[in-house]
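[1] Here is a sequence together with a model predicted from it:
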Amino acid sequence: MAGIIIALVSGALMSIQGIFNTEVTKQTSIWVAAGWVQLSALAVCAAAWLMTGRESIGVLWKIDHKYALLGGVIGAFITITVIKGTEALGPARAAMLIVLAQLTVSYVAELAGLFGVEKQPFEWRKLIGLAVAAAGIVVFKWK
């Protein structure tokens, strides 16, 4: 149950963050907004690190799959694309498409066993679920 609540909070926070970042972009620029997001996230992470375990930062260089260290770089592009998507489509439509893309890429990663994810067998019900989600976007967008 905790995982469900955490995931729901995460989704809500991502939607609110997208709205906030889009507003900051309107008053500054995409690069100022994206930079502020990354800088403020670093400050929060540094403060949390100082208040908790203070694990060695050097352990990062011992990670087996170095490509995994690109999460921050990807995060910067996520910030920019969420801002641009929200600006162009509005928060609800952008969020629906973002979630559909997340579901699709996550399922493909599971099917192919990409990036250290345990490989899962194909299931029609999951493909149907993706199709229903896509249909939901069409219905939501329908005027």
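    Great, that's in hand. In this text, all values refer to a predicted model and were calculated from it rather than measured experimentally. Numbering: from 1, shown residues only.
[2] Report the buried residues of stretch 67-87.
    78-80, 82-83, 85-87 (16 or more other Cβ atoms under 10 Å). From N, CA and C alone the C-beta is placed, and that goes for glycine too.
[3] Next, the contact list for residue 125, please.
    For residue 125, the contact set (Cβ atoms under 8 Å, 6 or more residues apart in numbering) is empty.
[4] Show me the shaky parts of this protein.
    With pLDDT under 70 as the threshold, the chain has no low-confidence stretch at all.
[5] Strands of the protein, start to end?
    Assigned strands in the chain: none (criterion: DSSP state E).
[6] What are the boundaries of the helices in it?
    Ranges of helices in the chain, per DSSP state H, are 2-27, 30-51, 71-89, 91-112, 124-141.
[7] Nearest to residue 61 among the ones you listed would be which one?
    Residue 61 lies closest to helix 71-89 among those, at 14.7 Å (Cβ to Cβ).
[8] quick check: angle from that closest one to helix 2-27?
    With axes from the mean of the first three to the mean of the last three Cα atoms, to 10 degrees as the basis, helix 71-89 and helix 2-27 are set at 70 degrees to each other.
[9] which helices and strands does helix 71-89 pack with?
    helix 2-27, helix 30-51, helix 91-112 (3 or more Cβ pairs under 8 Å, 6 or more residues apart in numbering; DSSP states H and E).
[10] just these: most buried one?
    helix 91-112 (a mean of 15; mean count of other Cβ atoms under 10 Å).
[11] picking up where we left off before, which one of the buried residues of stretch 67-87 is nearest residue 19?
    Distances from residue 19 to these, taken by Cβ to Cβ, are shortest for residue 86, at 6.5 Å.
[12] The closest one: what's it in contact with?
    Residue 86 sits next to 18-19, 21-22, 94 when contact means Cβ under 8 Å, 6+ apart.
[13] State the pair within the residues you listed that is farthest apart.
    Taking Cβ to Cβ as the measure, those have their most distant pair in 21 and 94, spaced 11.3 Å apart.
[14] And for residue 56, the neighbour number?
    If you count neighbours by other Cβ atoms under 10 Å, residue 56 ends up with 8.
[15] quick one: it and residue 32, what's the gap?
    33 Å (Cβ to Cβ, to the nearest Å).
[16] Dump the helices and strands packed on helix 71-89 into TSV; add distance to residue 60 as well.
    Conversion of the helices and strands packed on helix 71-89 to TSV gives the following (distance: least, Cβ to Cβ, whole Å):
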stretch	distance to residue 60
helix 2-27	23
helix 30-51	12
helix 91-112	22
